[in-house]
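Undergrad: Output the structure for:
(chains A and B)
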Amino acid sequence: MKFIDRSTDPWLLLPDSEIAGPAPHRLLPLAQWEAVREHWPADVPVGVLLPNTADVETLAADLPRIALVALEFPKWVDGRAYSQAHVLRARLRYAGEVRATGDVVVDMMPLLQRCGVDAVVLREGQRQSSAERALGFFPMGHYQGDVLQPQPKFAREAA
Amino acid sequence: MYQYTDFDRQFVRARAAQFRDQLERNLAGELSDDDFRPLRLQNGWYIQRHAPMTRIAIPYGELSSRQLRQLARVATEFDKGFLHFTTRTNAQFNWIPLPRAADAMDMLADADMHGIQTSGNCIRNITTDVFAGIAPDEVVDPRPYCEVIRQWSTLQPEFAFLPRKFKIAVSGAAEDRAAIAWHDIGLQLVKNDLGEVGFKVLVGGGMGRTPVIGSVATEYLPWNQILVYIEAIVRVYNRFGRRDNAFKARIKILVKAEGQKFFDEVEEEFRKILADDAGGHAHIIPQAEFDRVAAFFTRPAKVHPAIGGFDPHRTGAAPVPFLRWLDRNVHAHQVDGYRAVTLSLKRPGLPPGDVTSEQMKAAATMADRYSLGELRVSHDQNLVLPWVREADLRAVWHAAKDAGFATPNIGLLTDMISCPGGDLCALANARSIPIAAAITEQFDDLDALLDLGDIDLHMSGCMNSCGHHHTGHIGILGIDKDGAEWYQVSVGGSDGSTISGTSAPGKVIGPSFAAEEVPGVVQALIDTYREHRAANERFVDTARRIGVGPFRTAADLVRRETAVAA
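TA: This next block holds a predicted model:
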């Protein structure tokens, strides 16, 4: 899991109102991306910020051009973005960065990681050391498959 | 019954260590109470009126004598010596201080128990038929499927923060003893024309403010695809279920709102998981895995069918109390020479579903002596001994009497379902324990109770419906009006059992009643039934036949405090 330091993070989120010109490390809200996707140069990596209500499968054709998908947790107990992350990775085989943003807290770490999120911007005041510790409680693995380990325990043991 | 593997044991230990870390961060001030709340809930810890309440999972209601003894130990060392069994066949402590929570969880883990997903907006403990594996009308033993689903749903990472709680029940018998139509997902095991096992899948049942019966998603799904199908249902729910209003967040509301579109979305999602998803196909259950799990649920080697039948008068005329107990608390069995015995937890002096530490120890001893060390927790909040030899019934009756479990009232009015209510639960609008006590006291004449026959009385202290008031032949719901306790009364509800008829919520008989009026109202309902019943007609059938009117009229005569409102 990559812990994003806001002060050194190169990705720049543009407000909805601003029309984005092609430049590296632009993070565009989904609506903006839809407005500029036709003209966006293929060689300029772009990031897209998805509301947790978006159907990620509509993004399938664009994914090869997208370097970063940022998912939103408006409240940390709103679990919709876990399903977005899962579908991005397991179904659409997205290989770029999947970042959790918004109200992201320590105890979400194992869930995020297992759904395929590989970078997080922690909510202000959350301790990175606690978040790192939260990732280590289940070294024996889990029953069901997930993005990191698609085989459930019964399939792993049968292999 | 299922035996923990090393993996299961390590897993529960790991969960206990994770919870300890969260608790310590909370007590140290690093983790706020607000952020800790959903975490402790998913480990079964509520903050209640007097102390935290903790809910311990009893997967599909199966409990060993060793586990029951450990619950007794936790009750003695951490609680005030009581345990409460719930309609979802879990166990609750009410008096363990939060700072000792992690120690209590460790002690439970010693006996392969935990509170994982017993609360919170996640997939909860799976429930099933209390007579699974022993019922004469069983088509398929549901327990191996329950265990596979339990494992799959345990710490499933994508579905830990759903819009609302999510409950699954499985039945494998002709008679539905698990109220599956009232669950978010209800699974009925069936066999097709070729004798192959599959599931009829119901989705979108639920109680609460808007009682809804589940709709059929598919009439037949091959058994080995069930995890994938559940994943499809829950993903559609996670994406589209409402989160703006907790009262409209259950999947039943989504199913009602979208209708056929919901089922189309589930089918499409199911197709995509199998066609496209990494790991999708891997969740089709291999026969070998099913066989591995099913091996835990084969008939115990010590069970030896006996022929010759059972004659309670074999050694002379049996006492009438024993015969009554046989009639009400002893149930038919798959195996000749065996019976299932209900230990009634409905008796004067203790709230419905409660046991003391001493009683837990006594029940554990009875299980060891007469039931191969195995017990069940019933949906009706009683304990069941599943493997009792007919030859031991007389001895079991004596032991049950000694421990206070022999009230011969199973299925009768006083075998009521009740949540702990406002005495203990912070969510409740009204108390249920004093109402239950008053009704128990009022109907203490066994002959009269037997004459009334089968009646389901269900009571909830609030709309969360833990006491399943909607499905009671008589339902009592605590409501809050201007800070005072009131009770809404309904008649004619059904949990879907044969006796009760097609699943249906009861009909409210009018404005709510004051607490003092409730026992009188129940009496009035009973008197109305007596007056109108045809020969051999059960309360619920009379209620359906004559409708709410006569009950309402009789109940209104009881009103004192609420006379003006009426």
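Undergrad: Surely B:Asp480 is in contact with B:Gly422?
TA: No. The criterion here is C-beta atoms under 8 Å, and B:Asp480 misses it with B:Gly422 at 9.2 Å. For every residue, glycine as well, the C-beta is placed using N, CA and C.
Undergrad: quick one: the helices in chain A?
TA: In chain A, the segments counted as helices under DSSP state H are A:30-36, A:80-86, A:109-115, A:128-134, A:153-158.
Undergrad: I'd like to know which helix or strand in the chain has the lowest mean pLDDT.
TA: Let's take chain A. strand A:12-13 (a mean of 88; mean pLDDT, DSSP states H and E).
Undergrad: hmm, I had chain B in mind actually
TA: Bottom-ranked secondary element of chain B by mean pLDDT, DSSP H and E: strand B:45-47, a mean of 87.
Undergrad: helices and strands around the longest helix along chain B, which ones?
TA: Counting residues, the longest helix found in chain B (DSSP H) is helix B:6-27. Helices and strands touching helix B:6-27, by 3 or more C-beta pairs under 8 Å, 6 or more residues apart in numbering or on different chains; DSSP states H and E, are helix A:128-134, helix B:33-41, helix B:101-109.
Undergrad: outside of the first one, which residues touch it?
TA: Read it as helix A:128-134. A:Met1, A:Phe3, A:Val106, A:Asp107, A:Met109, A:Pro110, A:Val120, A:Leu122, B:Gln18, B:Asp21, B:Arg25, B:Glu30 (C-beta atoms under 8 Å, 6 or more residues apart in numbering or on different chains).
Undergrad: Just give me the closest of those residues to B:Leu452.
TA: Nearest to B:Leu452 among the contacts of helix A:128-134 is B:Gln18, at 50.1 Å by C-beta to C-beta.
Undergrad: Now do the closest one against B:Asp176, distance only.
TA: For B:Gln18, the distance to B:Asp176 (C-beta to C-beta, to the nearest Å) stands at 37 Å.
Undergrad: just B:Leu23 next, same as before
TA: In terms of C-beta to C-beta, B:Leu23 sits 40 Å off from B:Asp176.
Undergrad: In contact with the most centrally placed residue in chain A, which residues?
TA: Chain A has A:Val98 as the residue nearest its centroid, 2.5 Å off, counting by C-alpha atoms, centre = their mean. Shown in contact with A:Val98 (C-beta under 8 Å, 6+ apart): A:Leu68, A:Val69, A:Leu71, A:Ala85, A:Leu88, A:Arg89, A:Gly116, A:Val117, A:Asp118, A:Ala119.
Undergrad: hmm, try it at 7 Å
TA: A:Val69, A:Leu71, A:Ala85, A:Leu88, A:Arg89, A:Gly116, A:Val117, A:Asp118 (C-beta atoms under 7 Å, 6 or more residues apart in numbering or on different chains).
Undergrad: before we move on, back to that, same drill for B:Asp480 and B:Gly422, tell me which one is more crowded.
TA: Ranked by neighbour count (other C-beta atoms under 10 Å in any protein chain shown), B:Asp480 and B:Gly422 place B:Gly422 first, with 21 against 15.
Undergrad: Can you tell me the closest non-neighbouring residue to residue 63?
TA: You didn't pick a chain, so chain A it is. Sequence neighbours aside, A:Tyr94 is the residue nearest to A:Leu63 in space, at 5.0 Å (criterion: C-beta to C-beta, 6 or more residues apart in numbering or on different chains).
Undergrad: Correction: the question concerned chain B.
TA: Excluding its sequence neighbours, the residue lying closest to B:Leu63 (C-beta to C-beta, 6+ apart) is B:Leu375, at 4.6 Å.
Undergrad: which of the contacts of helix A:128-134 lies closest to B:Glu358?
TA: Nearest to B:Glu358, judged by C-beta to C-beta, of the contacts of helix A:128-134 is B:Gln18 at 33.7 Å.
Undergrad: Near that closest one, how many other residues are there?
TA: 20.
Undergrad: Just give me the neighbour total for the residue nearest to it when sequence neighbours are not counted.
TA: If the residues on either side of it in the chain are set aside, B:Gln18 comes closest to A:Phe137, at 4.1 Å by C-beta to C-beta, 6+ apart. Per other C-beta under 10 Å, the neighbour tally for A:Phe137 reads 18.
Undergrad: How about B:Gln10?
TA: By the criterion of other C-beta under 10 Å, B:Gln10 has 15 neighbours.
Undergrad: quick revisit: could you give the bridge partners of the residue nearest to the centre of chain A?
TA: In this entry, A:Val98 is beta-bridged to A:Val69, by DSSP bridges.
Undergrad: Would you mind measuring from it to A:Gly47?
TA: Taken as C-beta to C-beta, the span from A:Val98 to A:Gly47 is 11 Å.
Undergrad: Between the contacts of helix A:128-134, which sits nearest A:Leu13?
TA: The closest of the contacts of helix A:128-134 to A:Leu13 turns out to be A:Val120 (C-beta to C-beta; 15.4 Å).
Undergrad: That closest one - how many residues pack around it?
TA: A:Val120 has 26 neighbours, counted by other C-beta under 10 Å.
Undergrad: gap between B:Asp445 and B:Val330?
TA: In terms of C-beta to C-beta, B:Asp445 sits 22 Å off from B:Val330.
Undergrad: wait, B:Ala17
TA: 44 Å.
Undergrad: Would you mind listing what in the stretch 251-400 of chain B touches chain A?
TA: B:Lys272, B:Asp276, B:Asp277, B:Ala278, B:Gly279, B:Ala282, B:His283, B:Pro286, B:Ala288, B:Glu289 (C-beta under 7 Å from any C-beta of the partner chain).
Undergrad: So among these, which ones count as buried?
TA: B:Lys272, B:Asp277, B:Ala278, B:Gly279, B:Ala282, B:His283, B:Glu289 (16 or more other C-beta atoms under 10 Å in any protein chain shown).
Undergrad: what about stretch B:103-111, near chain A?
TA: No. Counting by C-beta under 7 Å from any C-beta, chain A is not contacted by stretch B:103-111; separation bottoms out at 13.5 Å.
Undergrad: which residues does the residue in the stretch 201-350 of chain B that chain A sits nearest to contact?
TA: Using C-beta to the nearest C-beta, B:Gly279 is the residue of the stretch 201-350 of chain B that sits closest to chain A, at 2.8 Å. B:Gly279 makes contact with A:Ala90, A:Gly145, A:Pro150, A:Gln151, according to C-beta under 7 Å, 6+ apart.
Undergrad: per-residue confidence for the closest residue to the second one other than its chain neighbours?
TA: Of all residues beyond its chain neighbours, the one nearest A:Gly145 is B:Gly279 (4.0 Å), with distances taken as C-beta to C-beta, 6+ apart. What the model reports as pLDDT for B:Gly279 is 97.
Undergrad: and what of B:Gly422?
TA: 85.
Undergrad: cool, B:Arg49 as well?
TA: pLDDT, B:Arg49: 66.
Undergrad: what's the average pLDDT for stretch B:242-254?
TA: In the prediction, stretch B:242-254 has an average pLDDT of 96.
Undergrad: what about B:Ser119, which helix or strand?
TA: Using DSSP states H and E, B:Ser119 sits within no helix or strand.
Undergrad: I'd guessed it sits against B:Leu41; true?
TA: Yes. With contacts counted by C-beta atoms under 7 Å, B:Ser119 reaches B:Leu41, the gap being 4.2 Å.
Undergrad: For the residue nearest to A:Leu63, grab the count of nearby residues.
TA: Residues near A:Tyr94, counting by other C-beta under 10 Å: 20.
Undergrad: where along chain A do the strands fall?
TA: Ranges of strands in chain A, per DSSP state E, are A:2-3, A:12-13, A:26-29, A:46-50, A:66-73, A:97-102, A:119-120.
Undergrad: and the third one, how far out from the chain's middle?
TA: Going by C-alpha atoms, centre = their mean, to the nearest Å, the spacing between the C-alpha centre of strand A:26-29 and its chain's C-alpha centre is 13 Å.
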